[in-house]
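# Sequence and predicted structure are below.
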Amino acid sequence: MYCLQWLIPVLLIPKPVNPALLQTHVMFMALYLISFFLERKPCTICSVVFLIAVSLICYSGYNGFGGNCLFWNSDCSATSDN
C-alpha cells in the first residue's frame, strides 16, 4: 500500500473554476497518471483501490462530489438545455 501515497493526492487536486482551463487540467491528470503507472508500476491492490475511489467520486449522487470528477464534468445542472 506504499504506492497509494502517490495516488491519493491526485483525488485532492481541485478542478479549475474557469472552463477554459479544464482541458489543461484533464491533460495534466492523464499524463501524471500514465507516467505514474509506467514508472512506479503500482501493485494490483493499489491500482484497484484507486480506480474504485475515482469511480465512487465520479459516479456518486452527492452534488458536492458529482462535479469533481478528474476527467470530465458530471454536473447535471451544467448540461441543461434551457
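Done, it's in.
# So which elements touch the longest helix seen in the chain?
Selection of the longest helix in the chain by residue count, based on DSSP state H, yields helix 22-39. Packed against helix 22-39, as judged by 3 or more Cβ pairs under 8 Å, 6 or more residues apart in numbering; DSSP states H and E, are the following elements: helix 4-12. All C-beta atoms are positioned from the backbone trio N, CA, C, and that covers glycine.
# what angle sits between the helix it packs on and helix 22-39?
Using axes from the mean of the first three to the mean of the last three Cα atoms, to 10 degrees, the inter-axis angle of helix 4-12 relative to helix 22-39 is 170 degrees.
# Which strands or helices does helix 4-12 pack on?
The contact analysis (3+ Cβ pairs under 8 Å, 6+ apart) places helix 4-12 against helix 22-39, helix 44-59.
# Averaged over its residues, which helix or strand of this structure has the lowest pLDDT?
Lowest mean confidence among the helices and strands of the chain (mean pLDDT, DSSP states H and E): helix 63-66, at a mean of 50.
# hmm, back to that, and of the helices and strands packed on helix 4-12, who's closest to L7?
Smallest distance to L7 across the helices and strands packed on helix 4-12 (Cβ to Cβ): 4.5 Å, for helix 44-59.
# In this structure P16 contacts V26, no?
No - P16 lies out of contact with V26 (Cβ atoms under 8 Å); the separation is 10.1 Å.
# higher neighbour count, those two?
V26 (16 against 11; other Cβ atoms under 10 Å).
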